[in-house]
Every structure is written in structure tokens, then in C-alpha cells.
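Asker: Need a 3D model of the following:
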Amino acid sequence: MFLEPQETMPQTSVVFSSILGPSHSGQVQPGMGERGSGASSSGELVFQEGRLISGSLEALMEHLVPTVDYYPDRTYIFTFLLSSRVFIPPHDLLARVGQICLEQRQQLETPGSEKGTRRGWSSQAPSPQTRRRGGGSYHLSSHCPLWRVTLLYALPPQAKLKSFSAKIVQLLKEWTEAFPYDFQDEKAMAELKAITHRVTLCDEENGTVKKAIAQMTQSLLLSLAARSQLQELREKLRSPAMDKGSVLKAKPPATQKDILGVCCDPLVLAQQLTHIELERVSSIHPEDLMQIVSHMDSRDKHRCRGDLTKTYSLEAYDNWFNCLSMLVATEVCRVVKKKHRTRMLEFFIDVARECFNIGNFNSMMAIISGMNLSPVARLKKTWSKVKTAKFDVLEHHMDPSSNFCNYRTALQGATQRSQMANSSREKIVIPVFNLFVKDIYFLHKIHTNHLPNGHVNFKKFWEISRQIHEFMTWTQVECPFEKDKKIQNYLLTAPIYSEEALFIASFESEGPENHMEKDSWKTLRTTLLNRA
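Answerer: This next block holds a predicted model:
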């Protein structure tokens, strides 16, 4: 994994509400129509207190596909499509969905075949309100009353085919909206075309099904085109020129501009940092985050292999954290006079506090990490002049003890504020990305993908889906602050020191105080002379 767990400060460091429903408030609750308490088996699917907790991969795939009288819960659609890529590539899943659809269609086209079949209504069912699926039974939702079931029975075959086709198109529409980049793969696009071709066979010219497919296809192509343009831009930004500025061997002249010469208001700088955070995090998609699981999983032979284009979006956002930390350290160490260094430290402390108040925890943590880097932390004479009360409060919030308990409490408070927000400013929640990634990673490592009976541990994937959905909800917030191009340009392009250059600048400001520092300083000077 590209993020390494840290003992202290992290130092590497489709609108989903329409899919999961506004009533969930970030909590993915399946509501699969089950009743009663305790675990109950439905063929190869197992429910516990109305919640699907496990099942064979084949049964879970069948559960995804609609029938004439059944449509899967939207939370299940999102969670299964998100998690299935750990076990099967999206194009293979789409091929299996197409195969199941074909079986369903053949049953509907054969008079009487839908009775007593594996996926049709069973004449031996204990009651009309019990639906057969995968050899077991479960109750129909209260949204499907008995009179409606009777009408479904009475529909002629052609009407049933149209109803079935419309539901298949709806499933594909939700898939292409939630995970459009699954269809970048030519195999997936070919499978999509094959399925849509089959379901349009029963539709008249310019029928509703064909129109829905045309609209879905157009929206998908627009999403893929936007993704392609973004990838081209990323490739340009990955050139050596974007190595976050040049590494300076000596301190710059006093006339060279620093951050205070660009922005001296901590609140304004915190707002511009929030702008950058939201712009960068918006390029992360749920399937990108599942790469954390896909990369780490070595037990599943058929898992979806990691896509470098997807991991890049995660790495790019993580690199932003590192660059901000190094920029903070550079801005402090490059200052010649102790009085001005003191002012710079106090300024960044105030910026971090404003980030905390906004809900931008990622920038806050990056700033604190920058001030805790050794070249900055060792400047004891400078720190002795700093009013550190505010800094102590910030460090308390980011105390790594008890798995960052204080930070998690603050994050929970910001989340509750966001859920009850009356203004866009109150909706902002930007978690510490390094810690979010670690949470997903350890959730994956602690819980197995499969249970002893071979079932997929779907309870685990409900929780992963819940956390990813909550994160994606935060990324959809539109930044309410006015963009300042001048400030952002400085933050994104200002030269930063390498770790070696930071130590050189630090020792030039305050000489080495012990034997270890003296040896380090001697080594650095020798290195500089050899380069010269």
C-alpha cells in the first residue's frame, strides 16, 4: 500500500444521495424486506434482523438482477457493485448479469415456464406473499401489496417482457451513473451493448425502453469523455516540472516573496486551502477507494486487479498533504530573522485553527505535521518566543493516542453539524485522508472476505460501503468561499525545500546543539561541497 501506518502524525500522510436515498443520512441500511430477528437463511443468502449478511457470490449476483415482480434495494445495488470488484472484474459481472437476464427472458417468453422455476413464482410457495429466490423465500416488501402481485400474475407475456426490460434498463442506469468508469473497459462496453440490444427487442420503435437506453448511453459517454480529459490533464501535471518547485541549496534573497507577502489573513488562507482540498478530493471516486481493498487482498484469485489510473487519484491527493507539510516547513526555515520566524509559526498556527473551525481536518493535520518536522521542531530559540497555547490545543485534537480518539470526536461533531447544516459553510467536512485510508485498510484486514462456509462476508462490505458513501457525500459539497487565484497559485507552485535543504536552513538559523546535530551538520556541509 502506498500509505504506511504512522505511529504519530501522518506524514505521507452520480450524486450518491440519489442512489442511497436521503433518509439514510450517511448510514447505509439495506432494508431487504425481511422480518423477524436472528439469522435466517434464504437459499444461499443469509439475513439477520432484516439485514443481508452473507451469501454465495452467485446468489448475490442473482439478487442484483430484477425480475417482473422484484427490484433490488438501491443500497444493495450500490454496495454490491462497489464490493463485487474485489471478487470479479466489472466486465465479467456485467456478462453474468446479461446471462441471468437472458435466462429470465427465455422463461418469460415460454408460456407457463415462470411457474415453479428457480427464479419465478413457485406454485408450491406457502403463501402468495412469499417470493422465491435462490431456492429460499423471503417476504415481499409492504410496497408490493397482494393486489399488485395478482396483477403481475395476470399480465400477458409481452407486458411482462416490457416490465422486465424496463427494470433491467433501470438497473443499468443506476450502474452507469454510480460507476461510469467501469465502462471505460471495452469488454464492459461490449457487454452493456449486448444487454441493451436484447432488452430492446420487445420494445416498439421509439418506445420508452429505447428512449431510456439512448439517454443512459448519452450520459455515460459524457461522463467517460470528462474522465478522459481529466486523465490527459493529469498526465501533463505528472511531468518533472511539477515536482513542487525547485529545491533551493541556500536561503533565498530577502526580497523573495513568502506566504505572508501573498496572504496575511489566516482565515482567508484556510478558505483557499479548503478550496484546493475540495477540488482535489472531488476527483476521487468510490471505485478508486475500493482499490485499497483490491491491492491488499491476496486470497481471492479472481479479484479485480488494481488499476494504476485509479490509484493515481489516491496518490495525488495524498501527495498534496505531503507538499503542504513541506511548504509550511519551508516557509518557516527559510526566514532569516528569528522575530519573523516566530511570526510565521504563529501565523500557521492560526491558519490550522481556522481550518479546524471550517471542518478542513486534512489541511489542519498537514500544517501541524509540517511544524512537527525535525528541522522546524529543533528551532528551540524560535519556539521559545511563540505563544504555544493555541498550538497545544491543536495538538490535543490530533493526539494519536487511543487511535486518534480526540480527532474522531471532533470529526463526529463536524459530521453532525454537516447533517443539520443550514448553510453551505456548515456542510464542509474534509477528514484526514491518511487516517480514512487506514480505517478502510484495517477494516478490510481484520474481517475476512469469506466465511467458513464459503459465503461472501457481506456484513463487512456493508460497513466499507457505509464509510465510502459517507466520504463521497463530503466530497460533493460545493466550496462556498470565493476563489483567490493569486493565493492558490502560490500554494501550488511555490518552491519547497527537500528534507536535506530544510536541515541546512534550520542549522543556519540555529546552530547544532548536541553531538548528533553537529555530525549531521558536518555531513550536510560535506555533501554540499562535493556537489559544488
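
Asker: use CA for all of it now, contacts and neighbours both
Answerer: Noted.

Asker: Skipping its backbone neighbours, what lies nearest T79 in space?
Answerer: S465 (5.6 Å; CA to CA, 6 or more residues apart in numbering).

Asker: so the one you found makes contact with I77?
Answerer: No - using CA atoms under 8 Å, S465 makes no contact with I77, being 10.9 Å away.

Asker: quick one: the lengthiest helix in the chain to chain centroid distance?
Answerer: Secondary structure of the chain per DSSP state H: the longest helix is helix 208-237. Remark: helix 208-237 is offset 20 Å from the chain centroid, using CA atoms, centre = their mean, to the nearest Å.

Asker: Could you give me the buried positions within that helix?
Answerer: For helix 208-237, a neighbour-count test (16 or more other CA atoms under 10 Å) marks V209, K210, A212, I213, M216, T217, S219, L220, S223, L224, R227 as buried.

Asker: Of those, which is the nearest to Q158?
Answerer: Of all the buried residues of helix 208-237, Q158 sits closest to V209, with 13.6 Å by CA to CA.

Asker: For the helix or strand hosting D392, list every residue counted as buried.
Answerer: Per DSSP states H and E, D392 falls inside helix 389-397. Within helix 389-397, the residues that count as buried by 16+ other CA under 10 Å are F391, L394, E395, H397.

Asker: Now for those: which two are most distant?
Answerer: Largest separation among the buried residues of helix 389-397 by CA to CA: F391 and H397, giving 10.0 Å.

Asker: Run through the neighbouring helices and strands of the helix or strand following the longest helix of the chain.
Answerer: Moving toward the C-terminus from helix 208-237, the next helix or strand (DSSP H and E) is helix 259-262. On a contact count with 3 or more CA pairs under 8 Å, 6 or more residues apart in numbering; DSSP states H and E, helix 259-262 meets helix 485-493.

Asker: what does the helix or strand containing T342 contact?
Answerer: For T342, the host element (DSSP H and E) is helix 338-358. Applying CA atoms under 8 Å, 6 or more residues apart in numbering, the contact partners of helix 338-358 are 260, 264, 266-267, 269-271, 274, 328, 331-333, 335, 361, 363-365, 367-368, 371, 381-383, 385-387, 390-391, 394, 425-426, 428-429, 509.

Asker: what comes up buried for the next helix or strand after that helix?
Answerer: Counting by DSSP H and E, the next helix or strand C-terminal to helix 338-358 is helix 361-372. Within helix 361-372, the residues that qualify as buried are F361, N362, S363, M364, M365, A366, I367, I368, S369, G370, M371, N372, counting by 16+ other CA under 10 Å.

Asker: how about K193, secondary structure?
Answerer: helix (DSSP: H, G, I helix; E, B strand; the rest coil).

Asker: tell me the pLDDT at it?
Answerer: With respect to pLDDT, K193 scores 93.

Asker: neighbours around the residue lying closest to K390 once chain neighbours are set aside, how many?
Answerer: Leaving aside its sequence neighbours, K390 sits nearest to I349 (CA to CA, 6+ apart; 7.0 Å). Neighbourhood size, I349 [other CA atoms under 10 Å]: 25.

Asker: Could you measure from I349 over to S384?
Answerer: Taking CA to CA, to the nearest Å as the measure, I349 falls 15 Å from S384.

Asker: what about the residue lying closest to R425 once chain neighbours are set aside, distance to Q99?
Answerer: Leaving aside its sequence neighbours, R425 sits nearest to P480 (CA to CA, 6+ apart; 6.1 Å). As defined by CA to CA, P480 lies at a distance of 47 Å from Q99.

Asker: T330 now?
Answerer: 59 Å.

Asker: Convert stretch 505-512 to PDB, retaining C-alpha atoms only.
Answerer: C-alpha atoms of stretch 505-512 as PDB (Å, rounded to 0.1, in the frame of the first residue of the first chain):
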ATOM      1  CA  ALA A 505      18.400  26.100   6.500                       C
ATOM      2  CA  SER A 506      17.500  25.100  10.100                       C
ATOM      3  CA  PHE A 507      21.100  24.800  11.100                       C
ATOM      4  CA  GLU A 508      22.000  28.100   9.500                       C
ATOM      5  CA  SER A 509      19.200  29.700  11.600                       C
ATOM      6  CA  GLU A 510      20.100  28.000  14.900                       C
ATOM      7  CA  GLY A 511      23.300  26.100  15.100                       C
ATOM      8  CA  PRO A 512      23.600  22.400  16.200                       C
END
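
Asker: Quick one: mean pLDDT for it?
Answerer: Stretch 505-512 comes out at a mean pLDDT of 92.

Asker: Same question for stretch 61-69.
Answerer: Mean predicted lDDT for stretch 61-69 stands at 93.

Asker: Could you tell me the end-to-end distance of that stretch?
Answerer: For stretch 61-69, the first-to-last residue distance is 17 Å (CA to CA).

Asker: now stretch 74-91
Answerer: Across stretch 74-91, the terminal residues are separated by 20 Å (CA to CA).

Asker: Now find how far off-centre it is within its chain.
Answerer: Computed by CA atoms, centre = their mean, the separation of stretch 74-91 from the middle of its chain amounts to 15 Å.

Asker: Next: stretch 385-394.
Answerer: Its chain's C-alpha centre and that of stretch 385-394 lie 33 Å apart, by CA atoms, centre = their mean.

Asker: For the buried ones among the contacts of helix 338-358, write the corresponding ChimeraX selection.
Answerer: Burial among these is assessed by 16+ other CA under 10 Å; the matching ChimeraX selection reads:
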select :266,267,269,270,271,274,328,331,332,333,335,361,363,364,365,367,368,371,382,383,386,391,394,425,426,428,429,509
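
Asker: Quick one: work out the angle between the helix holding T342 and helix 389-397.
Answerer: Orientation check (axes from the mean of the first three to the mean of the last three CA atoms, to 10 degrees): helix 338-358 against helix 389-397 gives 50 degrees.

Asker: can you pull the buried residues of helix 338-358?
Answerer: By neighbour count, with 16+ other CA under 10 Å as the criterion, the buried positions of helix 338-358 are 338, 341-358.

Asker: repeat for stretch 47-54
Answerer: Those would be F47, Q48, G50, R51, L52, I53, S54, for stretch 47-54 by 16+ other CA under 10 Å.

Asker: same thing with stretch 159-178?
Answerer: Buried positions in stretch 159-178, judged by neighbour count with 16+ other CA under 10 Å: 160-178.

Asker: Can I get that stretch in CSV, CA atoms only?
Answerer: Output of stretch 159-178 as CSV, limited to C-alpha atoms (Å, rounded to 0.1, in the frame of the first residue of the first chain):
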residue,chain,number,x,y,z
ALA,A,159,-46.4,-7.0,-21.0
LYS,A,160,-44.2,-8.9,-18.6
LEU,A,161,-41.3,-8.7,-21.0
LYS,A,162,-41.8,-4.9,-21.2
SER,A,163,-41.9,-4.6,-17.4
PHE,A,164,-38.8,-6.8,-17.0
SER,A,165,-37.0,-4.8,-19.7
ALA,A,166,-37.7,-1.5,-18.0
LYS,A,167,-36.3,-2.8,-14.7
ILE,A,168,-33.1,-4.1,-16.4
VAL,A,169,-32.6,-0.7,-18.0
GLN,A,170,-33.2,1.0,-14.6
LEU,A,171,-30.5,-1.3,-13.1
LEU,A,172,-28.1,-0.4,-15.9
LYS,A,173,-28.9,3.3,-15.5
GLU,A,174,-28.0,3.2,-11.8
TRP,A,175,-24.8,1.2,-12.5
THR,A,176,-23.7,3.7,-15.2
GLU,A,177,-24.5,6.7,-13.0
ALA,A,178,-22.8,5.4,-9.9
